[in-house]
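Asks: Provided below are the primary sequence and the corresponding predicted coordinates.
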Amino acid sequence: MGTAAAAHLAARGQHVRVLERFSLGHDRGSSHGLTRIIRLAYFEHPAYVPLLRRAFELWRALEARAGEQLLHVTGALDVGAEGSEVFEGSRRSCLEHGLTHEVLTGRALRERFPAWHIGDDAAAVLQPDGGFLRPEACILAHAARARQAGAQIHEGETLLQWETTPGGVRVRTSIGVYEASQLVLTAGAWMGALLPDLASVMQPERQVLGWFGVTDHAAFAPSRFPVFVHDAVEGRYYGFPEFETPGFKIGRYHHRGEPTMPDTLDRACHPEDEAALRAAVTRYFPGADGPLLRSAACMFTNTPDEHFIIDRHPDAPAVLVVSPCSGHGFKFCSVVGEIVADLVMRDATAHDISAFRLARFTAGAPPLPGGRS
Ligand SMILES: Cc1cc2nc3c(=O)[nH]c(=O)nc-3n(C[C@H](O)[C@H](O)[C@H](O)COP(=O)(O)OP(=O)(O)OC[C@H]3O[C@@H](n4cnc5c(N)ncnc54)[C@H](O)[C@@H]3O)c2cc1C
């Protein structure tokens with residue numbers, strides 16, 4: 001989110017300084033692990049679809065500028081029983097927004113995509129525009145764009161404290177002190193440390209991803225295996241075709257339900273972590289039930305309703321609080337960069353971000369029309 005915001009702000013002529021405590025593209029936060037799903041049929045709520053359309057356009061524009069592929073289209077499957085949140089929410093998004101899609105029975109899913117082993121009673125939405133982004137490459141591309149437009153990016157410099165001043169903000173870092181008219185906080189799982197009063201609505205949670213050895217590589221190739229979200233009885237899983245590194249990559253939303261702190265995150269993959277993932281691999285993807293080839297620990301930063309936060313700080317209007325995560329934010333980075341630039345420069349944006357206000361947690365207002373389905 002930080003490099004995307006910097007790219008958009010610098011491209012519009014703003015003087016931008018980025019502080020990154022580690023290095024660009026590191027593996028200590030929420031944006032590593034080679035792939036992130038991007039999908040247009042949005043089971044979380046149809047109101048995200050206009051943002052997604054713009055996110056797709058901006059990713060394509062960034063790719064063209066960077067001269068490398070960042071977004072790989074595989075199609076996206078949203079699978080579950082009829083009545084499940086993933087299947088019904090995805091279909092609702094398609095119908096409300098006129099998205100191209102097909103509804104498949106479990107049998108049709110198996111016939112079209114032979115890596116799947118699933119019962120006839122399953123149902124799936126197949127939306128052809130979905131696919132995956134390469135997160136580390138996306139970050140570097142946004143950073144390169146920001147630098148080309150004059151932004152200064154300070155790697156290895158930690159923001160320690162901020163305070164408001166009559167002219168804006170003053171920040172103290174591990175290296176120095178800076179003043180600025182505005183501060184955009186995009187610290188991911190570290191937001192709570194910088195905003196203790198808001199920490200309760202930005203809770204980091206441990207996740208573990210696994211790459212499992214595949215026997216039939218053709219069935220798990222990007223051309224044959226759409227990215228997916230699957231509401232299974234074992235949990236809600238998401239997965240990817242084999243790409244860049246051997247193995248079928250799978251994760252489970254809210255993995256083992258472990259709140260964490262970013263500086264003490266347990267990065268090891270324990271037998272219980274592997275078992276939580278293998279439960280779905282064995283049952284639904286027997287052709288990938290090989291050895292665990294690779295794993296990665298990562299963090300969600302969850303809000304209570306799992307929708308994003310993009311808002312001004314209630315007591316410090318010069319500070320923007322930007323936390324679009326709850327496990328589904330990466331695909332939005334490109335459009336979040338545009339939104340942040342709009343807010344910094346005009347204090348308004350044409351995008352509808354009314355659902356992402358902080359006040360919903362204090363005032364008790366429902367975040368989106370109808371709430372989460
Ligand atoms: C396992 C996993 C799978 C996911 N899958 C998907 C998916 O398929 N699709 C999708 O759209 N989303 C997905 N997400 C969610 C998505 O990855 C996140 O929403 C997104 O990466 C959040 O980006 P961010 O910029 O807020 O956080 P980060 O990328 O973690 O960036 C925060 C940055 O702030 C820096 N920082 C923190 N504190 C300071 C400080 N004090 N001073 C200086 N720098 C600081 C950190 O070092 C870090 O680089 C997934 C997340 C995880 C963990």
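Replies: Everything's here; your move. Numbers count the residues shown, from 1 in each chain.

Asks: Whether stretch 215-232 contacts the ligand - can you check?
Replies: No. Counting by C-beta under 6 Å from any ligand atom, the ligand has no neighbours in stretch 215-232; the shortest distance is 7.6 Å. Placement of C-beta: from N, CA and C, glycine included.

Asks: Equivalent analysis for stretch 147-165, please.
Replies: Yes. Stretch 147-165 lies within reach of the ligand by C-beta under 6 Å from any ligand atom, at 158-159.

Asks: can you give me the end-to-end distance of that stretch?
Replies: One end of stretch 147-165 to the other measures 27 Å (C-alpha to C-alpha, to the nearest Å).

Asks: and if you look at stretch 220-227?
Replies: Stretch 220-227 has its terminal residues 10 Å apart, counting by C-alpha to C-alpha.

Asks: in the stretch 101-250 of the chain, what residue is nearest the ligand?
Replies: Using C-beta to the nearest ligand atom, Gly188 is the residue of the stretch 101-250 of the chain that sits closest to the ligand, at 2.7 Å.

Asks: burial count for that residue?
Replies: Gly188 has 23 neighbouring residues, counting by other C-beta atoms under 10 Å.

Asks: In contact with it, which residues?
Replies: Contacts for Gly188 were tallied using C-beta atoms under 8 Å, 6 or more residues apart in numbering; they are 1, 29-31, 262, 299, 301, 323, 325.

Asks: Also Val322?
Replies: By C-beta under 8 Å, 6+ apart, the contact set of Val322 is 1, 5, 184-186, 309-310, 336, 340.

Asks: Among those residues, which ones are in strands?
Replies: Among those, the members found in strands (DSSP state E) are 184-185, 309-310.

Asks: want to throw those residues into a markdown table with pLDDT?
Replies: Formatted as a markdown table, the ones in strands among the contacts of Val322 follow (pLDDT from 0 to 100):
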| residue | pLDDT |
| --- | --- |
| Val184 | 98 |
| Leu185 | 98 |
| Ile309 | 98 |
| Ile310 | 98 |
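
Asks: re the thing from before, for Met299, see how far away the residue of the stretch 101-250 of the chain closest to the ligand is.
Replies: Distance of Gly188 to Met299, computed by C-beta to C-beta, to the nearest Å: 7 Å.

Asks: shared neighbours of these two, anything?
Replies: Taking C-beta under 8 Å, 6+ apart as the criterion, Gly188 and Met299 both touch 29-30, 262.

Asks: from the residues you listed, which are also near the ligand?
Replies: Answer for those near the ligand (C-beta under 6 Å from any ligand atom): 29-30.

Asks: pull the CA atoms of the stretch of helix or strand Thr362 belongs to into PDB?
Replies: Using DSSP states H and E, Thr362 maps to helix 359-363. Only the C-alpha atoms of helix 359-363 are listed here, as PDB (Å, rounded to 0.1, in the frame of the first residue of the first chain):
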ATOM      1  CA  ALA A 359     -16.400   5.600  12.600                       C
ATOM      2  CA  ARG A 360     -18.200   2.400  11.900                       C
ATOM      3  CA  PHE A 361     -16.400   0.800  14.800                       C
ATOM      4  CA  THR A 362     -17.300   3.600  17.200                       C
ATOM      5  CA  ALA A 363     -20.700   4.600  15.900                       C
END
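
Asks: List, one by one, the residues from this structure near the ligand.
Replies: Proximity of the chain to the ligand, by C-beta under 6 Å from any ligand atom, involves residues 1-2, 19-22, 29-31, 36-37, 158-159, 186-190, 194, 207, 209, 238, 251, 298-300, 324-325, 327-331.

Asks: Can I take it that Trp59 is in a strand?
Replies: No. Per DSSP: H, G, I helix; E, B strand; the rest coil, Trp59 lies outside any strand segment and is helix.

Asks: what's the neighbour count on it?
Replies: Counted with other C-beta under 10 Å, the neighbours of Trp59 add up to 20.

Asks: if we take the shared contacts of Gly188 and Met299, which one ends up nearest to the ligand?
Replies: For the shared contacts of Gly188 and Met299, the residue nearest the ligand by C-beta to the nearest ligand atom is Gly29; the value is 2.5 Å.

Asks: can I assume the closest one sits in a strand?
Replies: No. Gly29 sits outside any strand when classified using three-state DSSP, being coil.

Asks: what's the burial count for it?
Replies: 19.

Asks: pLDDT score for it?
Replies: At Gly29, the model reports a pLDDT of 97.

Asks: Same question for the one 10 residues further on.
Replies: Here, the pLDDT recorded for Arg39 equals 98.

Asks: and what of Glu274?
Replies: The model reports Glu274 with a pLDDT of 98.

Asks: Also Thr362?
Replies: 81.

Asks: And for the one 3 residues further on?
Replies: Predicted confidence (pLDDT) at Ala365: the value is 55.

Asks: go on, His328?
Replies: His328 is assigned 98 on the pLDDT scale.

Asks: List the contacts of His97.
Replies: Going by C-beta under 8 Å, 6+ apart, His97 touches 46, 49-50.

Asks: Show me which of those residues are buried.
Replies: 46, 49 (16 or more other C-beta atoms under 10 Å).

Asks: circling back: which pair in the contacts of Val322 has the greatest spatial separation?
Replies: Spanning the widest gap among the contacts of Val322 are Ala5 and Ile309, at 14.1 Å by C-beta to C-beta.
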